[in-house]
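S.K.: sequence? don't have it. structure:
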DNA sequence: GAGGTAATTTTGGTCGTACCAAAATGCAAA
DNA sequence: TTTGCATTTTGGTACGACCAAAATTACCTC
């Protein structure tokens, strides 16, 4: 190799192009290594290194002893691919708080936008999510899922795929902490009421009120996180 | 390997831990492959595959024929590692608009927050950035850099490392389009004036005015993008 | 001692062969 | 058609070999 391009890099680029263009179908296995060797005219070493790089990038999902599965990139897979690094960052001092505050920042904007721009369909989806949340107050596992779903509707209001992906990211990054938190019917009830306050403000088309209701809700949740985990979060 | 763990995965995990903990210093080269072979008691095949995966994850930066350089993860390296996928997503129909609108969303929130919470130091930094921007009106390359810097100050107001990293992400993701856009002294003057309007609103501690000024500015910029690239952006 | 050049060593990149265990496929029997 | 077994394919790993490029060492001159 006289020039600056490694054979493995060329294979990575070519396979990425095949994935993005659809020539390699999403959710399908990659061709076998020996077939790729023939296709690219390179050694198996090069193919395996290229596959490792693609796996690191999230373009394929690899599992021991199975063929790698194609993951056509979308904003969700982008954020999935960051999960490993993000989990390290969350373990640093202040890591969880920074992430949580960035989520609050985003959701403040989302409720303001919902108050200003939500369509009838958005309102209907929020209302349904609220009903589901209410019906799950006595069942904390279900309440958690419907809680996530209520917030998820907010991320769909801008009609931009980046936001639902971001919701998915937040849900997975912050899930380890959430899973450890005490839950109770009393707390579920209060959270449902906070969701309702947000919804009512959106119905009123009042961005400031919606933002304030969201702040109250997420600040209360944050205080609950701090009560659970203590000062080592700071 | 009878169980589900591949040797290369174990090496990846171990090296990640060494990178995150600082045992492998940021910006330093990884140990040589033959040394890693000794350290982990595995073949060179496994080491090279592990390094490829780490490179795909952004934990090391690899260049042909040179030792990989450690990149201790921060939110910047997370977003750097997504750059390749994001560029594909930007090439899809509507990709650029979605990204641009998500940036507008974030910056709306940032100017609101600045109007509410900016410290004296934030204000001083904004003012300096504004002066730099003004002094660069006749020099479009410098104007571009000071324009980016002015927005960058906004991303530092929340005192959360996620936002400066996000600014870095937006700057790099949207740079290819920006680089192709016509520039003129007249346009630079108008952009400077828009920055000043944002700054003045922040000084007034008026979030709505700041948001409105930002919207005017970024909508005008978006219209310029559309004029330059035509309808295939949609 | 400093600087420059040449020689040597180290290192990343690639190739091929080999072996093994696990997954997939093919075939025969019920 | 389903099940079980044999065979083939496939991913995982190891090893040795070779080469070109980068790094280090050795040597010489001023």
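M.R.: Happy to help now that I have it. What you see is a predicted model, and the numbers here were worked out from it, not measured in a lab.

S.K.: Residue A:171 is in contact with residue A:83, correct?
M.R.: No - contact between residue A:83 and residue A:171 fails when scored by CB atoms under 8 Å: they sit 11.2 Å apart. Just so you know, the C-beta spots here come from the backbone N, C-alpha and C atoms, and that holds for glycine as well.

S.K.: Neighbour count for the two, which is higher?
M.R.: residue A:171 (16 against 13; other CB atoms under 10 Å in any protein chain shown).

S.K.: My assumption is that residue A:5 lies in a strand; please confirm.
M.R.: No - counting by DSSP: H, G, I helix; E, B strand; the rest coil, residue A:5 is not found in a strand; it is coil.

S.K.: In three-state terms, label the closest residue to it other than its chain neighbours for me.
M.R.: For residue A:5, ignoring the flanking residues on the chain, the nearest one in space by CB to CB, 6 or more residues apart in numbering or on different chains is residue B:64 at 7.0 Å. State at residue B:64, reduced to three classes by three-state DSSP: coil.

S.K.: Please report how far residue B:64 lies from residue A:143.
M.R.: Using CB to CB, to the nearest Å, residue B:64 is found at 53 Å from residue A:143.

S.K.: what does residue A:45 give?
M.R.: Distance of residue A:45 to residue A:143, computed by CB to CB: 51 Å.

S.K.: If you count surrounding residues, which of these two has more?
M.R.: residue A:143 (23 against 15).

S.K.: pretty sure residue A:189 is touching residue A:137, no?
M.R.: Yes - contact criterion CB under 8 Å: residue A:189 and residue A:137 qualify, at 5.6 Å.

S.K.: Between those two, tell me which one has more neighbours.
M.R.: Applying other CB under 10 Å to residue A:189 and residue A:137 shows that residue A:137 carries more neighbours, namely 18 against 14.

S.K.: Need the nearest residue in space to that one, chain neighbours excluded.
M.R.: Per CB to CB, 6+ apart, closest to residue A:137 is residue A:188, 4.6 Å.

S.K.: so the one you found touches residue A:143, yeah?
M.R.: Yes - between residue A:188 and residue A:143 there is a contact under CB under 8 Å: 4.6 Å.

S.K.: The helix or strand bottoming out on mean pLDDT in chain A - contacts with which helices or strands?
M.R.: Taking mean pLDDT, DSSP states H and E as the measure, the helix or strand of chain A with the lowest value is helix A:175-179, at a mean of 82. With contacts taken as 3 or more CB pairs under 8 Å, 6 or more residues apart in numbering or on different chains; DSSP states H and E, helix A:175-179 sits against helix A:207-229.

S.K.: now the angle between helix B:207-229 and the helix it packs on, please.
M.R.: For helix A:207-229 against helix B:207-229, the angle by axes from the mean of the first three to the mean of the last three CA atoms, to 10 degrees is 100 degrees.

S.K.: For helix A:207-229, buried residues please.
M.R.: By neighbour count with 16 or more other CB atoms under 10 Å in any protein chain shown, helix A:207-229 contains the buried residues A:207, A:209-214, A:217-218, A:221-222, A:224-225.

S.K.: of those residues, the lowest pLDDT goes to which?
M.R.: Least confident by pLDDT among the buried residues of helix A:207-229: that is residue A:225, with 83.

S.K.: Go ahead and confirm it touches residue A:174.
M.R.: No - using CB under 8 Å, residue A:225 is not in contact with residue A:174; the gap is 9.1 Å.
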